[in-house]
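Visitor: Sequence first, then the predicted structure, then my questions.
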Amino acid sequence: MNRKLLAALLVVVLVTPSVGLAASNPDLSATLANDTVTPGQETTLTVDVTNSPNVYSDSYDPSDPSTTARNVHLTMEDGNAPIEVKTATQTISAGGSSNMQTGTTLPATFDIEVADGVEPGDYRVPIHAEYDYTVGSGGVRDDKSREETLYVTLHVEDAPRFEVVDTATTAGVGDSGNTTLTLQNVGSEPANDAYVTVSPQGSQFVVNGGDPVTVAVGDWATGANRTVTVASSVAADAEAENYTVGVQASYENANGVRETGRSLTTAVTPLAEQTFAVSDVQSTLRVGEDGDLNATVTNDGPTTVTNAVVTLAASSSKVTPKRTEFAVGTLAPGDAADVSFPVEVTDSASDGPRQLQFAVNYWNPAGDARTSDDIPVDVDVAPERDQFVVTPVDSTLTAGGGRTVTFHLTNNGDTTVTNVDAKVYADSPISAGDDQAFVPSLAPGETKNVTVQLSASGSALAKTYPVKMDFQYDSDGETKLSDYYRVPLRVTEPSGQGGLPIVPIVVVVLLLVAAGGYYYYRRQ
């Protein structure tokens, strides 16, 4: 009988709640503040976690440690959902406290990326929870840890979605141009009244002067492309490497509500700096003469230039281009053009190497005027030389006689000279009866005869005398006067062969005249 009573009392104890038990242990649940995403979207999910234990008594105290979850750690997992979780385990807290009493809701945030091309629908996402709590009543309590899995539902909806499929730019390093971006609607819904905004992401590659620019692209069907073009510029110290720009599309959804697509970044590679090369430099520059400087200018790329003009500048006033520009027009990358500049070298210049500067003025593909960097070239200036070579052909005179004297006149220069007016300057005992001669033209290396009338006085000694000559002539559209040329002229004594001795005869005649006069005077 006592055993039956003891068993009955035991049953009553087991089925009757203890006086101190007013609620169950912590009970966590999770919901999403915004559960809607689109395929390919990168977003942040806010998970609201609530502690809702079962309460058995109206006198329950929410701060009861047996229903308080402490040190709550949450880890979002992808499970079978088409997402990639970017955020590690989170510890949730509020006001510096990580205790979640009964009825408390705390948020946790997780960055995710939704897979491309995923089918719209609802997907269950697991969240692994770990926390501490206390069990027991009265003065007997025990701290415990618990792990459990919470679930939230993620809704993937039909929506437009955009990707950058192509980029190109005509802007080169240190220059400006246009950048084109092609985007595709890879989503499952069309976008109405769409706009694309392009934003700079740094100072080396800049769009729209450094400010975002928005371009209207209209209605945008699924699978369709839209291309936007924006002005761009590249810093002079930039490299021809990838630079990022920001891209974002906005549109009206099927309900007429304007929405914004996810922010995209894409790489754009500027062109290398536009350069030119100068090769095959040849010159006929010489001290005291006009010459030509010839060269080949090549467009080393990377773009086609138009209205190109090659310029030439010298650093010395003694070597001066007589024409400083040579138009070459359009040059595609790799194209070359031959240029030629007439250059004057003064008499006071010295021979040897000289440096001159080439440059190219041109229009870039955007139609902007640009000037290349200077391209230095070294040019040799040859020593000064005589324009003419004068060689006597028959230049012997007899003392007391005169005759026509012939000289060879050779053009020692590189260009044809015209209207060559030769003049002879003779000093006693040489005199010139006809001191000028004229040659219509002389080609380079050509020789023609120059004749003048010269005579030697009877007192001239038998030796070689210098005769000076200079030449006035036309060359390269200018009239010039040469230096003096000293030409040797040989004088010989009169020859006694084949004639009477003139001097003795004159003396005899004078004596006879004197004697005859004296005889006539005596007879009178």
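Guide: Perfect, thanks for sending it. Numbers count the residues shown, from 1 in each chain.

Visitor: What distance do you get for the nearest residue to residue 269 once chain neighbours are set aside to residue 167?
Guide: Spatially, and ignoring its direct neighbours in sequence, residue 269 is nearest to residue 242 (5.4 Å; Cβ to Cβ, 6 or more residues apart in numbering). Heads up, the C-betas are built off the backbone N, CA and C, glycines and all. Look at residue 242 and residue 167: by Cβ to Cβ, to the nearest Å, they are 10 Å apart.

Visitor: Kindly report the same for residue 186.
Guide: Note on residue 186: its distance to residue 167, by Cβ to Cβ, is 16 Å.

Visitor: what do you get for residue 215?
Guide: Here the distance between residue 215 and residue 167 works out to 15 Å (Cβ to Cβ).

Visitor: One more: residue 446?
Guide: Residue 446 sits 65 Å away from residue 167 when distances are taken as Cβ to Cβ.

Visitor: Between those two, which has more neighbouring residues?
Guide: Set side by side, residue 446 and residue 167 give different neighbour counts by other Cβ atoms under 10 Å, the larger being at residue 167 (16 against 13).

Visitor: does that one count as helix, strand or coil?
Guide: Recorded secondary structure, residue 167: strand (DSSP: H, G, I helix; E, B strand; the rest coil).

Visitor: Neighbours of the residue lying closest to it once chain neighbours are set aside, how many?
Guide: Of all residues not flanking residue 167 in the chain, residue 268 sits nearest, at 4.9 Å (Cβ to Cβ, 6+ apart). Neighbouring residues of residue 268 were enumerated by other Cβ under 10 Å; the total is 22.

Visitor: Could you pull up the residues touching residue 268?
Guide: For residue 268, the set of contacting residues under the criterion of Cβ atoms under 8 Å, 6 or more residues apart in numbering consists of 167, 169, 179, 205, 232, 242-245.

Visitor: where along this protein do the helices fall?
Guide: Along the chain, the segments classed as helices by DSSP state H run 2-15, 502-523.

Visitor: Where among these is average confidence lowest?
Guide: Averaging pLDDT over each of those singles out helix 2-15 as the lowest, with a mean of 47.

Visitor: Can you give the domain ranges for this structure?
Guide: 16-156, 162-268, 276-381, 388-492 (automatic domain parsing).

Visitor: For those, give me JSON lines that also has mean pLDDT.
Guide: Listed next are the domains of the chain as JSON lines, based on pLDDT from 0 to 100:
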{"stretch": "domain 16-156", "mean pLDDT": "86"}
{"stretch": "domain 162-268", "mean pLDDT": "92"}
{"stretch": "domain 276-381", "mean pLDDT": "94"}
{"stretch": "domain 388-492", "mean pLDDT": "91"}
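
Visitor: Where do the strands of the stretch 101-250 of the chain begin and end?
Guide: Secondary structure of the stretch 101-250 of the chain by DSSP state E, counting those that start in this stretch: the strands cover 105-114, 121-137, 140-156, 162-169, 176-185, 191-200, 205-207, 213-220, 225-234, 243-252.

Visitor: tell me the most buried of those?
Guide: Ranked by mean neighbour count under mean count of other Cβ atoms under 10 Å, the strands of the stretch 101-250 of the chain are led by strand 205-207, which reaches a mean of 23.

Visitor: Which residues are in contact with residue 230?
Guide: In this structure, residue 230 makes contact with 178-179, 181, 198, 207-208, 213, 215, judged by Cβ under 8 Å, 6+ apart.

Visitor: For it, list each beta-bridge partner.
Guide: residue 179 (DSSP bridges).

Visitor: just residue 434 next, same as before
Guide: Checking residue 434 by DSSP bridges, which sets the bridge assignment, gives partners residue 453.

Visitor: Correct me if wrong: it contacts residue 450.
Guide: No. Contact status for residue 434 versus residue 450: not in contact, 11.4 Å apart, counting by Cβ atoms under 8 Å.

Visitor: Out of these two, name the residue with the larger neighbour count.
Guide: Under the neighbour definition other Cβ under 10 Å, residue 434 and residue 450 were set side by side, and residue 450 has more, 22 against 11.

Visitor: Enumerate every residue touching the more buried one.
Guide: For residue 450, the set of contacting residues under the criterion of Cβ under 8 Å, 6+ apart consists of 390, 406-409, 422, 437, 439.

Visitor: was I right about residue 351 contacting residue 385?
Guide: No. With the criterion set as Cβ under 8 Å, residue 351 and residue 385 do not qualify as a contacting pair; they are 10.2 Å apart.

Visitor: joint contacts of these two?
Guide: Counting by Cβ under 8 Å, 6+ apart, the common neighbours of residue 351 and residue 385 are residue 286.

Visitor: Between the two, which has more neighbouring residues?
Guide: A direct count of neighbours by other Cβ under 10 Å for residue 351 and residue 385 places residue 351 higher, at 15 against 12.

Visitor: In contact with that one, which residues?
Guide: With contacts defined as Cβ under 8 Å, 6+ apart, residue 351 is in contact with 286-287, 381-384.

Visitor: again, only using 10 Å
Guide: Neighbour list for residue 351: 285-288, 345, 380-384 [criterion: Cβ atoms under 10 Å, 6 or more residues apart in numbering].

Visitor: Of the contacts of residue 268, which pair is most distant in space?
Guide: When Cβ to Cβ is used, the two most widely separated members of those are 232 and 242, lying 13.9 Å apart.

Visitor: Mutual contacts of those two, please.
Guide: 205, 268, 270.

Visitor: How about the closest residue to residue 87 other than its chain neighbours: which residues does it bridge to?
Guide: Taking Cβ to Cβ, 6+ apart as the measure, residue 87 lies nearest to residue 110, with 4.4 Å between them; neighbours along the chain are not counted. Each beta-bridge partner of residue 110 is listed here: residue 45, as defined by DSSP bridges.

Visitor: how near is residue 110 to residue 260?
Guide: Counting by Cβ to Cβ, the gap from residue 110 to residue 260 is 21 Å.

Visitor: repeat for residue 208
Guide: In this structure, residue 208 and residue 260 are separated by 19 Å, where distance is defined by Cβ to Cβ.

Visitor: Nearest the middle, which residue of this structure would you pick?
Guide: In the chain, the C-alpha nearest the mean C-alpha coordinate belongs to residue 273, at 2.0 Å (Cα atoms, centre = their mean).

Visitor: so what's that one up against?
Guide: Taking Cβ under 10 Å, 6+ apart as the criterion, residue 273 is in contact with 172-175, 234, 236, 238-240, 300-302, 372-373.

Visitor: And these, which is closest to residue 473?
Guide: Sorting the contacts of residue 273 by how near they are to residue 473, with Cβ to Cβ, puts residue 372 at the top with 40.0 Å.

Visitor: looking at it, that closest one is touching residue 308, isn't it?
Guide: Yes. Using Cβ atoms under 10 Å as the test, residue 372 is close enough to residue 308 to be in contact (9.4 Å).

Visitor: Between those two, which contacts overlap?
Guide: 276, 297, 299, 360-362.

Visitor: Among those residues, which lie within strands?
Guide: In strands, defined here by DSSP state E, the members of the shared contacts of residue 372 and residue 308 are 276, 297, 299, 360-362.
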